[in-house]
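> this one's sequence-less:
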């Protein structure tokens, strides 16, 4: 505001002073008294139009002073006092009137401009408020969409988990645990460890490449063993302390806990997830999944132990290995007393061959169907020892020579049923005699 007044005074003084100098040096030197309209009127109009009424009136006052101070005209004999006052004051009166009229126009423009500026500022403020409200609403919409998507995904996840657990409970194939984990957690790489002899030992894995060197065993001195088994908690790479515990062994690891007994039977470890797969919902899902699978694994272990105490396995009608020595001794002694010869056929994996859990389960199904198809009602079938892939057939009143006929049938049938993904050399058939002494003969499936 002060700057406007300064520029105003400078302009007015320059204009009025310039006109007076022009009159002094080039005209009559009467302060332009004889010129009509007087040039000072232009100065007043310029000030009023440019700056407003107040500046116009002040310019009219300065112009009047510049015209009349020291330059009052003489009163003529023909003039009365009124004529003389009119002669002296009509120019200043015209200037003041012009300043009021034209300055009023300028003032109204100032008021309208100020009102428009206020409206513009108010509109801008409203726009900022609306913009902030829109951004807040958009964030809330995005959050709700994410939450709804997460809830839908969680429902689908648990539906898949329930279907997977139903299959586990139906067929008892623990190799499908990793398939359940993969489907529920959308995991690219995962593994399953079993607690044996105070160590976590890898039972199976999925998605690992050959050049990856994840640990197969975690002992009691391992931080991961201490956290998962000792403290029974899930460790996640998103936490700084858990990242040190995992030590590049994966993204998530949790204990298989039997919620009925509180016993830890193993560990699930996830080495790879989708970019958006690691969140609070998936971590909570993983915790529940560990308890679910741990409880199922505990029930399965109890069922296996109970079956081993039975004489026959109710699932496949095979005799328990626990009673093999007693029954084979009885048949051997009976064979010697009565005078007939009995034989055994042992089917097992070849030395150095290990089957994956899912492969072993499929092979067991094939062996069970083959044995049931080829054996007689008087033949006895025994399961292998615990944690060992093996079947033993006891053939009463069957010499070793005749046992070779049965072994040959097994060889042909197994070679046809196993398929191209399992080498026939992975299994051996051993024939032994009961009751009389014969050399054992071992055949490979071919």
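Done, it's in. Everything quoted here is computed from the prediction, not taken from an experiment.
> Now for the protein, the helix or strand with the poorest mean pLDDT.
strand 441-444 (a mean of 44; mean pLDDT, DSSP states H and E).
> Give the full set of residues in contact with residue 52.
103, 106, 107, 110 (CB atoms under 8 Å, 6 or more residues apart in numbering). The C-beta positions use only the backbone N, C-alpha and C, and glycine is treated the same way.
> Give me the pLDDT for it.
Here, the pLDDT recorded for residue 52 equals 85.
> Same question for residue 174.
57.
> The one 4 residues further on now?
For residue 178, the pLDDT comes out at 76.
> and what of residue 111?
Per the predicted model, pLDDT is 88 at residue 111.
> returning to what we had before: can you list the contacts of residue 52 in TSV and add secondary structure, neighbour count and distance to residue 296?
TSV is the format used below for these (DSSP: H, G, I helix; E, B strand; the rest coil; neighbours: other CB atoms under 10 Å; distance: CB to CB, whole Å):
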residue	secondary structure	neighbour count	distance to residue 296
103	helix	25	95
106	helix	18	90
107	helix	16	89
110	helix	13	85
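> What is the three-state secondary structure of residue 268?
Under the three-state scheme (DSSP: H, G, I helix; E, B strand; the rest coil), residue 268 adopts strand.
> my guess is it meets residue 289, correct?
Yes: using CB atoms under 8 Å, residue 268 is in contact with residue 289, at 7.5 Å.
> shared neighbours, these two?
181, 254.
> Where does the prediction get shaky in the stretch 301-446 of the chain?
302-317, 321, 352-362, 364, 384-389, 418-425, 435-446 (pLDDT under 70).
> what about the residue nearest to residue 216 when sequence neighbours are not counted, which SS state?
Closest residue to residue 216 apart from its sequence neighbours, by CB to CB, 6 or more residues apart in numbering: residue 202 at 4.5 Å. Under the three-state scheme (three-state DSSP), residue 202 adopts strand.
> so residue 202 bridges to which residues?
residue 193 (DSSP bridges).
> Which stretches in the stretch 101-250 of the chain count as helices?
When secondary structure is read from DSSP state H, counting those that start in this stretch, the stretch 101-250 of the chain shows helices at 177-185, 223-225, 240-246.
> right, so of those, which gets closest to residue 136?
Among those, the nearest to residue 136 by CB to CB is helix 240-246 (32.1 Å).
> packing partners for the closest one?
helix 223-225, strand 235-236 (3 or more CB pairs under 8 Å, 6 or more residues apart in numbering; DSSP states H and E).
> go with 10 Å
helix 223-225, strand 235-236, strand 252-258 (3 or more CB pairs under 10 Å, 6 or more residues apart in numbering; DSSP states H and E).
> hmm, who's touching the second one?
Where contact means CB atoms under 10 Å, 6 or more residues apart in numbering, the residues beyond strand 235-236 that reach it are 223-224, 227-228, 241-246, 249-255, 269-270, 278, 282-283, 286-287.
> Whichever of those end up buried, select them in ChimeraX.
Applying 16 or more other CB atoms under 10 Å to the contacts of strand 235-236 leaves a buried subset, and the ChimeraX line that selects it is:
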select :223,224,227,228,242,245,246,249,250,251,252,253,254,255,269,270,278,282,286,287
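> now the residue lying farthest from the centre of the chain, what's its secondary structure?
For the chain, the largest distance from the centre (CA atoms, centre = their mean) belongs to residue 77, which lies 107.2 Å off. Secondary structure state of residue 77, per three-state DSSP, is coil.
> switch to numbering from 24
Got it, the first residue is 24 from now on, which makes the last one we talked about residue 100.
> Distance of it relative to residue 388?
146 Å (CB to CB, to the nearest Å).
> Same question for residue 159.
For residue 159, the distance to residue 388 - CB to CB - is 60 Å.
> and those two? which has more neighbours close in?
residue 388 (14 against 10; other CB atoms under 10 Å).
> a helix runs through the more buried one, doesn't it?
Yes: if the criterion is three-state DSSP, then residue 388 is within a helix.
> Residues in a beta bridge with the closest residue to residue 342 other than its chain neighbours, which ones?
Of all residues not flanking residue 342 in the chain, residue 405 sits nearest, at 4.7 Å (CB to CB, 6+ apart). Taking DSSP bridges as the rule, residue 405 bridges to residue 342, residue 415.
> domain parsing for this structure?
25-146, 197-332, 344-467 (automatic domain parsing).
> how far out from the middle of the chain is the longest one?
Using CA atoms, centre = their mean, to the nearest Å, we find the averaged C-alpha position of domain 197-332 to lie 20 Å away from the chain's own average C-alpha position.
> Then the first one?
Relative to the mean C-alpha coordinate of its chain, domain 25-146 is positioned 77 Å out (CA atoms, centre = their mean).
> same check, this time on stretch 350-369
65 Å.
> before we move on, the earlier item: of the helices of the stretch 124-273 of the chain, which approaches residue 372 most closely?
helix 200-208 (21.4 Å).
> Can you list the helices and strands that that closest one packs against?
Against helix 200-208 (3+ CB pairs under 10 Å, 6+ apart) you get helix 104-194, strand 210-219, strand 222-229, strand 286-296, helix 303-332, helix 380-397.
> again, only this time at 7 Å
helix 104-194, strand 210-219, strand 222-229, strand 286-296, helix 303-332 (3 or more CB pairs under 7 Å, 6 or more residues apart in numbering; DSSP states H and E).
> Just the buried positions in it, please.
200, 201, 202, 203, 204, 205, 207, 208.
> Stretch 82-92 now?
For stretch 82-92, by 16+ other CB under 10 Å, it's 82, 83, 85, 86, 87, 89, 90, 91.
> what about that stretch, average pLDDT?
The model assigns stretch 82-92 a mean pLDDT of 86.
> what does that stretch contact?
Here stretch 82-92 makes contact (CB atoms under 7 Å, 6 or more residues apart in numbering) with 35, 39, 43, 54, 63, 66-67, 70, 111, 114-115, 118-119, 122.
> same question, stretch 115-132
Identification of contacts with stretch 115-132 by CB under 7 Å, 6+ apart yields 63-64, 67-68, 71-72, 75-76, 79-80, 82-83, 86-87.
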